[in-house]
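Visitor: quick one, what's the 3D model for this:
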Amino acid sequence: MLRKIMFTGGGSAGHVTVNLALIPHFIQEGWSVDYIGSEAGIEKQLIEPLQNVRYHGIATGKLRRYLDWQNVKDPFKVIKGAFQAYRIIKKQKPDVLFSKGGFVSVPVVIGARLNKVPVLIHESDLTPGLANKIAIPFAAGVCTTFPETQQHLPAGKSHYVGAVIRDQLKAGDAARGRKFAGFISSKPVLLIMGGSLGARKINQAVRASLGKLTEKFQIIHLCGKGQVEASLQSPQYKQFEYVNEELPDLLAMSDVIISRAGSNSIFEFLYLRKPMLLIPLTKEASRGDQILNARSFQTAGFCEVLYEEDMTPETLVSHVTDLYANRDKYVDNMQKNDRKDALSQLIDLIKKTAK
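Guide: Okay, here's the model as predicted:
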C-alpha cells in the first residue's frame, strides 16, 4: 500500500528548509507527498516548483505578541484554515504529518488531530516558538536542534536530533561560486545574509561601509525581496534578492559570513565550518529566540555577536575585520563539534510516528 506523508510549515524560509531536506528522501522511497501552506507565502514559492509534491493553500492568521487591529480578524482566519486543513487531510488520508512550525502550521496540526493523524513537530530554536507551543499538546513528539530545548518540553515528547542540513549544501563548489559571482580567488569573500525577507538595518550598515569593506573583501549580499540598490555597482559587490540553486556554491567560496541568527542558517554555517558574525533580531522585533541562539553559539566559540542596537557602519567593519583575523580559531572550534546525522534520525522518527 502506498504510504503518504504530509508536511506543513511556513511564514519564513527557516520554516521550510528542513522540509526541503526531507521531501526528496520520502519521494525517493516511494511515499506520496502533500504540503499544506499559506495561499501566498514564501513556502508556496519554495514548494510548488517541486515535482511529485501536491501543494494545498489555506487561510492563515499571524500569531502576534503585540497589539494590532489584525488580531481581531486573524483568529477567524485560523479557524477557517483549520476547517480547510481538516477537509484536505480527510481527503488525502496521510499516515503522518510533519510540522516545521510557523503560524501556518497551527490550523494544519489541529486538522490532523481531528483526523487522528499522528503529528511530529520540529523545533529549530533554543526555546519553542508561539506556533509550536500551541501545537505541541496535539503532537506525538517534538524534535529539537538544541539539546537545551528539551527542558522546555513535556516529558516523554522530546527527541534531540541535532541540526538538519540540506544535502545540496554539502555539494557546494567554490570555483563555481566564483564563476557565478565573477570573483577572483586571491581576495577573501564576505557573504551577507539577512534572512528570506532581508534585513533593512543590516543592509543600510553594509552599504554605508562598502568603501571600507571592499578594500578587504569581495562581497555577496543577499539583501531580500525589493531591497537591491541598483545605484550601487561594483565588481567587488554583488547583490541578489535571494538565491536558490547557487547558494551552496556561494557558501563554499565564502571565507566569513554576516547573518541573522536563525537556527537553520547558523547550524548550516557551523556544518560548513564558516566563521560568522551574527546580528540577531532584537526583542522588539521578535520573541528573542535569535538572541538566545547567538549567545549559545558565542559561548561555544563558533561566532562573534554584534547586537543591532550597537551596530553602526564602524562597528560592523570592526567586528567583521576581527572575525576574519581570528577565523582559524573559529574554524578549530567548529571542527570539534560532532556532525550528527540528524536527517537520518529524523526520517526514522517520522516513519516510527506514522500510523
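
Visitor: which parts of the stretch 101-250 of the chain are strands?
Guide: Along the stretch 101-250 of the chain, counting by DSSP state E, counting those that start in this stretch, strands occupy 119-123, 141-144, 158-160, 189-193, 218-222, 237-240.

Visitor: reformat those strands as a markdown table; add mean pLDDT, distance to residue 278 and mean neighbour count.
Guide: For the C-beta atoms, the positions are set from N, CA and C on the backbone; glycine is no exception. Formatted as a markdown table, those follow (pLDDT from 0 to 100; distance: least, C-beta to C-beta, whole Å; neighbours: other C-beta atoms under 10 Å):
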| stretch | mean pLDDT | distance to residue 278 | mean neighbour count |
| --- | --- | --- | --- |
| strand 119-123 | 96 | 19 | 26 |
| strand 141-144 | 95 | 20 | 23 |
| strand 158-160 | 94 | 22 | 17 |
| strand 189-193 | 97 | 11 | 25 |
| strand 218-222 | 96 | 15 | 25 |
| strand 237-240 | 94 | 21 | 18 |
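
Visitor: residue 321 is nearest to which of those?
Guide: When these are ranked by proximity to residue 321, the top entry is strand 189-193, at 10.3 Å, counting by C-beta to C-beta.

Visitor: so what secondary structure elements neighbour that closest one?
Guide: Applying 3 or more C-beta pairs under 8 Å, 6 or more residues apart in numbering; DSSP states H and E, we find strand 189-193 packed against helix 174-181, strand 218-222, helix 247-253, strand 256-259.

Visitor: that one pairs with which strands, parallel or anti?
Guide: Take DSSP bridges as the rule and strand 189-193 pairs in its sheet with strand 218-222 (parallel), strand 256-259 (parallel).

Visitor: chain center to the longest one, what's the gap?
Guide: Counting by C-alpha atoms, centre = their mean, to the nearest Å, strand 218-222 is centred 19 Å from the centre of its parent chain.

Visitor: what angle separates it from helix 174-181?
Guide: Angle of strand 218-222 versus helix 174-181, following axes from the mean of the first three to the mean of the last three C-alpha atoms, to 10 degrees, is 80 degrees.

Visitor: what's in contact with stretch 347-355?
Guide: Here stretch 347-355 makes contact (C-beta atoms under 8 Å, 6 or more residues apart in numbering) with 3, 5, 22, 25-26, 95-96, 98, 117-120, 140-141, 143, 159, 161.

Visitor: backbone dihedrals for residue 300, please?
Guide: Dihedral angles of residue 300 (phi, psi; degrees, to the nearest 10) stand at phi -80, psi -10.

Visitor: in CSV: the helices and strands packed on strand 189-193, plus distance to residue 154.
Guide: Formatted as CSV, the helices and strands packed on strand 189-193 follow (distance: least, C-beta to C-beta, whole Å):
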stretch, distance to residue 154
helix 174-181, 44
strand 218-222, 37
helix 247-253, 36
strand 256-259, 32
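
Visitor: out of the strands paired with strand 189-193, which gets nearest to residue 319?
Guide: Among those, the nearest to residue 319 by C-beta to C-beta is strand 256-259 (8.6 Å).

Visitor: hang on, the earlier thing: can you lay out the strands of the stretch 101-250 of the chain as a markdown table showing distance to residue 79?
Guide: A markdown table is the format used below for the strands of the stretch 101-250 of the chain (distance: least, C-beta to C-beta, whole Å):
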| stretch | distance to residue 79 |
| --- | --- |
| strand 119-123 | 19 |
| strand 141-144 | 24 |
| strand 158-160 | 29 |
| strand 189-193 | 36 |
| strand 218-222 | 36 |
| strand 237-240 | 39 |
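
Visitor: elements contacting the worst-scoring helix or strand of the chain on mean pLDDT?
Guide: In the chain, no helix or strand scores lower on mean pLDDT, DSSP states H and E than helix 70-92, which sits at a mean of 84. Packed against helix 70-92 by the contact rule (3+ C-beta pairs under 8 Å, 6+ apart) you find strand 4-8, strand 32-38, strand 53-58, helix 105-114.

Visitor: dump those to JSON lines, plus mean pLDDT, distance to residue 250 and mean neighbour count.
Guide: Conversion of the helices and strands packed on helix 70-92 to JSON lines gives the following (pLDDT from 0 to 100; distance: least, C-beta to C-beta, whole Å; neighbours: other C-beta under 10 Å):
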{"stretch": "strand 4-8", "mean pLDDT": "98", "distance to residue 250": "26", "mean neighbour count": "26"}
{"stretch": "strand 32-38", "mean pLDDT": "97", "distance to residue 250": "26", "mean neighbour count": "24"}
{"stretch": "strand 53-58", "mean pLDDT": "96", "distance to residue 250": "25", "mean neighbour count": "19"}
{"stretch": "helix 105-114", "mean pLDDT": "94", "distance to residue 250": "29", "mean neighbour count": "25"}
